[in-house]
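Peer 1: Just a sequence and a predicted model for now, questions to come.
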Amino acid sequence: MHRYILHRLLLMIPTLLGVAVIVFVLMRVIPGDIVEMRFAEGRFFNQELVEKERARLGLDRPLWRQFVDWLWGVARLDFGLSMWSGGPIRHEIAIRLQLSLQLALMATVVAILLAIPLGTVAALWQDTWIDYVVRVFSIAGLATPSFWLGILMFLCFLIIFQWIPPMVFTPFWQDPWQNLAQMTWPALAVGYRYSAVAARMTRAAMLEVLREDYIRTARAKGLGQGRIVRHHALKNAMLPVLTVIGLEFAFLLGGLVVTEQVFNLNGLGLLFVQSVARRDYTLVQALVLLTASVYIVVNFGVDLLYAWLDPRIRYQ
Amino acid sequence: MNRRRHRIRQGFGVVWVVGLCLLVIYGASAQAQNQPHPGGELLFAVPSEPPSYDGHREETFGLIHPIAPFYSLLLRVDPEDANNIVGDLAEGWTIADDGLTYTFRLRQGVKFHDGSPLTSRDVKASYDKIIFPPEGVASTRKGQYEAVEAIEAPDAQSVRFRLKWPSASMLSGLASPWNFIYKADILAKDMHWYETNVMGSGPFVFVEHVRGSHLVGKRNPHYWDQGKPYLDGYRALFISDTAARVAALRGERAHIEFRGLAPKQRDELVKALGPKITVQESPWDCILLVAVNHERKPFDDVRVRRALTLALDRYEGSRVLSQIAIVKAVAGVQVPGTPFATPPEELAKLAGYWQDPEASRQEARRLLKAAGAEGLTFTFKNRGIPMPYEPLGIWLIDQWRKVGLTVNQEVIEAAAYYQVLRSGEFEVAMDFQCGYIVDPDLDLYKFQSMDKNPSNYSRYIDRKLDELYEKQSRATNPEERKQYIRQFEQRLLDDEVHYLMTLQWHRIIPHSSKVKGWKITPSHYLNQQLDTVWLAE
């Protein structure tokens, strides 16, 4: 097991290096330039200004040199300065990470609380009205984009209560009420779609597990339905559900661009899109590396959880 | 009978006195309602965020809106009348008879937020940074001050600008909303300090900026203008999504958004909030232009360019588009209603501004035929920003179709757009200019020959136009200047049709009726110091 963990940890290095190379090259290949974005609308825009600014940002150096310098910084966990704001990238990310992490966690809790009971109930009462209701609920969740649900929520608040959630993030430890007044609604909007994915997976996995020989044996031994579900079926059915939850969680950290726009959340998704639009190379590179790292770590964590959930799985 | 009459008369008397008292009370309370009173925090939404805090180098209103209240300027545009320039730090000024020396007398007792006194040394250091930036320092608008030869500070309270030639735009140039007065000592130590820090002498003091979220300012108790600012502070909320900004106004999470909203959003807010919302509107010193690449055939032929402008029915376009987009007035090279703008009856004589669209289009068809460009097909490059590029692009293509032209639109992502324009890889493209102060020098600068101004994307050389630009710029007599501007306009838009003007933008600011003391101007960069703003209860 230790060798496996070490192997996986070492494998992260070439993976992240590959990601770094791809994002570095891609950002320089796409048309557009941060200096043009910043100054080209001005009346007195000229070549001298472009060259001055490019030199200031280090963009006049050879590409290989820019890449090596950046990589050396990354190796020391120094992501440098944002080319747009001039602020440290670590700070730019840190102020958004708190919000994104909280939203991802809250949405995951909403999803788990909804998906696992609903998926289980639907599987136990397959092809009954209960199953149909759960299926309609989950298909509706899959078909409804979370940002659209967010817009609907916003409009309902405005029209019925003449109220909208706060537009500035307040950390939970500063003012829990204010924090929840802002974060609950996007968490519900995102969590609903997320729960739909997980509920369908739970139902499918439960149906498969409930037909296994060991479940039949447990029933033949005279165990009650509740005990069979809790101790034998659910735990084994959780493997694919866990994969879905892990991947979704990683996605939520940086992928909620439109939902963040709708609720004016100062999260990583919006930062990512703005950085690409501004051609803020250093910030985009850091964000892509962060996202890739989150995916790798979450996948690794899920793999380790497999072994805990299913004693038959042992990594060599 | 008499007693009854007496009682009735007495009753009337009482009613009359009570009515009079009520009227007086109402009048007094109405007057009190209109009197500025201190207190409150102004909440305003800003669609974009300041990249840095240095007004001398940035180009976005995303800096002006949240940062301008921290700074004083030498001169400013009058908050009550955008056509008038008044002193901010300058108490008064004199102009030498030859127009080559401007001397400003500074107010006494002005202090920076750290308590240090502001003197002419600070003004000189700030303007030296703007006009003569040292190596490695970007000053994006130094081109505006080509006439300035030197800046001097003869004593602590006087600043002198010496010019190489008389400049009609000198005062408006010095009232630029970007020209924050910085502290000389700080600049002497680090020219880049102001990119990441704030230290001004304006009506508000910097409190905090959470990137991507908000920026907070609080009242400067030592502001030179006693009794101002009225507000205790302000909070700029960075909200990039338009729908979220409208929702913020509607849900009263923000009092105002200073850039401007579309007609549909104005109507939605007025319908939802009724008297709780007030709408201010004004022509806006921004315009989408059509750049016609003179280096590409057949657009090197003035007949083809003339046909392109003659095809446009600007008056009908104004009527229709103003209902859905942030455009309205039919305009020449100056914002309608401003001192140097061409009156509508004069404007109607220019090609493409005729009142009879059919006659105009007939002439366009004739010219295209004469140039051998009948049924011409070309690609129109448009910028990937929905408002107002998209509706105006569709309108242009439809108008050109009416004279037999086939136009394909290619929409280019905003970040890549200017590279296309600068490289000249286009036939006809949408271009844009937006003014931070209404001034002929600024508004005409773009149209000089391409070797004088690289932002001339129509890519022409026209020495006569350059000469007219220079003449109007140096004409200190307003009437004389007006004549040169007319000639410039005639040549640019009619004789040579180097560029096509579409429609003047129209600024619409719906705001909470609680916001008082703020008046709309034709530029979203102006009147943002917020010292005159107050909140009604």
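Peer 2: Yep, that arrived.
Peer 1: rest of the way, CA atoms for contacts and neighbours
Peer 2: Noted.
Peer 1: what does the stretch 101-250 of chain B put close to chain A?
Peer 2: Contact residues (CA under 8 Å from any CA of the partner chain) of the stretch 101-250 of chain B with chain A: B:136-138, B:140-144, B:196, B:210-214, B:237, B:239-241, B:243-244, B:247-248, B:250.
Peer 1: Show me what residue of chain B gets nearest to chain A.
Peer 2: Chain A sits closest to B:A416 of chain B, with a gap of 3.9 Å, by CA to the nearest CA.
Peer 1: That residue reaches A:I34, doesn't it?
Peer 2: No. Contact status for B:A416 versus A:I34: not in contact, 9.7 Å apart, counting by CA atoms under 8 Å.
Peer 1: sorry, back to before: show the contacting residues for the nearest residue to the residue of chain B closest to chain A once chain neighbours are set aside.
Peer 2: Excluding the flanking residues, the one nearest B:A416 by CA to CA, 6 or more residues apart in numbering or on different chains is A:G32, at 3.9 Å. Residues in contact with A:G32, defined by CA atoms under 8 Å, 6 or more residues apart in numbering or on different chains, are A:R279, B:A415, B:A416, B:Y417, B:Q419.
Peer 1: on that earlier part again, for B:A416 and A:I34, work out which one has more neighbours and name it.
Peer 2: Between B:A416 and A:I34, counted using other CA atoms under 10 Å in any protein chain shown, the more crowded position is A:I34 (24 against 20).
Peer 1: got the contact list for the more buried one?
Peer 2: A:M83, A:W84, A:R278, A:R279, A:D280, B:A415.
Peer 1: For the residues you listed, could you give me CSV that also reports pLDDT and distance to B:G115?
Peer 2: As requested, the contacts of A:I34 are exported to CSV (pLDDT from 0 to 100; distance: CA to CA, whole Å):
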residue, pLDDT, distance to B:G115
A:M83, 93, 33
A:W84, 92, 31
A:R278, 90, 38
A:R279, 91, 40
A:D280, 94, 37
B:A415, 78, 42
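Peer 1: So which residues on the stretch 151-300 of chain A come close to chain B?
Peer 2: Contact residues (CA under 8 Å from any CA) of the stretch 151-300 of chain A with chain B: A:158, A:162-164, A:166-169, A:261-266, A:271, A:277-279.
Peer 1: right, and the secondary structure at B:E208 would be what?
Peer 2: strand (DSSP: H, G, I helix; E, B strand; the rest coil).
Peer 1: B:V216 is in contact with that one, correct?
Peer 2: Yes. Between B:E208 and B:V216 there is a contact at 5.3 Å, judged by CA under 8 Å.
Peer 1: out of the two, which sits in the busier spot?
Peer 2: A count of neighbours by other CA under 10 Å puts B:V216 above the other of B:E208 and B:V216, at 21 against 12.
Peer 1: would the more buried one count as being in a strand?
Peer 2: Yes. Counting by three-state DSSP, B:V216 is found in a strand.
Peer 1: dump the residue contacts of it.
Peer 2: B:V216 neighbours (CA under 8 Å, 6+ apart): B:F206, B:V207, B:E208, B:H209, B:G233, B:Y234, B:R235, B:A236.
Peer 1: Now restrict the residues you listed to buried residues only.
Peer 2: Buried members of the contacts of B:V216, counted by 16 or more other CA atoms under 10 Å in any protein chain shown: B:F206, B:G233, B:Y234, B:R235, B:A236.
Peer 1: Run through the strands of the stretch 151-300 of chain B in chain order.
Peer 2: For the stretch 151-300 of chain B, the strands defined by DSSP state E, counting those that start in this stretch cover B:158-163, B:204-210, B:214-219, B:233-238, B:256-257, B:277-292.
Peer 1: ok so, going back, kindly supply the PyMOL command isolating those of the contacts of A:G32 that are buried.
Peer 2: This is how PyMOL selects the buried members of the contacts of A:G32, with burial counted by 16+ other CA under 10 Å:
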select buried, (chain A and resi 279) or (chain B and resi 415+416+417+419)
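Peer 1: quick one: which of the contacts of A:G32 is nearest B:P177?
Peer 2: Within these, proximity to B:P177 (CA to CA) peaks at B:A415, which comes in at 25.6 Å.
Peer 1: Quick check: which element contains the closest one?
Peer 2: Using DSSP states H and E, B:A415 maps to helix B:414-423.
Peer 1: And that helix, what does it pack against?
Peer 2: Contacts defined by 3 or more CA pairs under 8 Å, 6 or more residues apart in numbering or on different chains; DSSP states H and E place helix B:414-423 against helix A:34-39, helix A:268-278.
Peer 1: Ranked by average pLDDT, which of those helices falls at the bottom?
Peer 2: Across those, the stretch with the lowest average pLDDT is helix A:34-39; it has a mean of 85.
Peer 1: CA atoms only for that helix - export them in CSV, please.
Peer 2: These are the backbone C-alpha positions of helix A:34-39, laid out as CSV (Å, rounded to 0.1, in the frame of the first residue of the first chain):
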residue,chain,number,x,y,z
ILE,A,34,-2.6,41.4,-22.3
VAL,A,35,-1.0,44.8,-23.2
GLU,A,36,-3.5,45.2,-26.1
MET,A,37,-6.4,44.3,-23.8
ARG,A,38,-5.3,46.9,-21.3
PHE,A,39,-4.4,49.9,-23.4
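Peer 1: next structured bit after it?
Peer 2: The helix or strand immediately downstream of helix A:34-39 is helix A:47-57, counting by DSSP H and E.
Peer 1: Out of the residues of the stretch 101-250 of chain B next to chain A, which end up buried?
Peer 2: When these are checked for burial by 16+ other CA under 10 Å, the buried set is B:137-138, B:140-144, B:210-214, B:237, B:239-241, B:243-244, B:247-248, B:250.
Peer 1: Take those and keep only those in helices.
Peer 2: Cross-referencing these against helices under DSSP state H gives B:A243, B:A244, B:A247, B:A248, B:R250.
Peer 1: Quick one: these as TSV, columns for pLDDT too.
Peer 2: Listed next are these as TSV, based on pLDDT from 0 to 100:
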residue	pLDDT
B:A243	90
B:A244	92
B:A247	93
B:A248	94
B:R250	93
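Peer 1: Distance to A:R28 added to the residues you listed, as JSON lines?
Peer 2: Shown next, in JSON lines, are those (distance: CA to CA, whole Å):
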{"residue": "B:A243", "distance to A:R28": "32"}
{"residue": "B:A244", "distance to A:R28": "32"}
{"residue": "B:A247", "distance to A:R28": "37"}
{"residue": "B:A248", "distance to A:R28": "37"}
{"residue": "B:R250", "distance to A:R28": "41"}
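Peer 1: with these in mind, which one is nearest to A:I313?
Peer 2: Among these, B:A244 lies closest to A:I313 (CA to CA), at 48.8 Å.
Peer 1: For that closest one, give me its contacts.
Peer 2: Shown in contact with B:A244 (CA under 8 Å, 6+ apart): A:Q261, A:V262, A:F263, A:N264.
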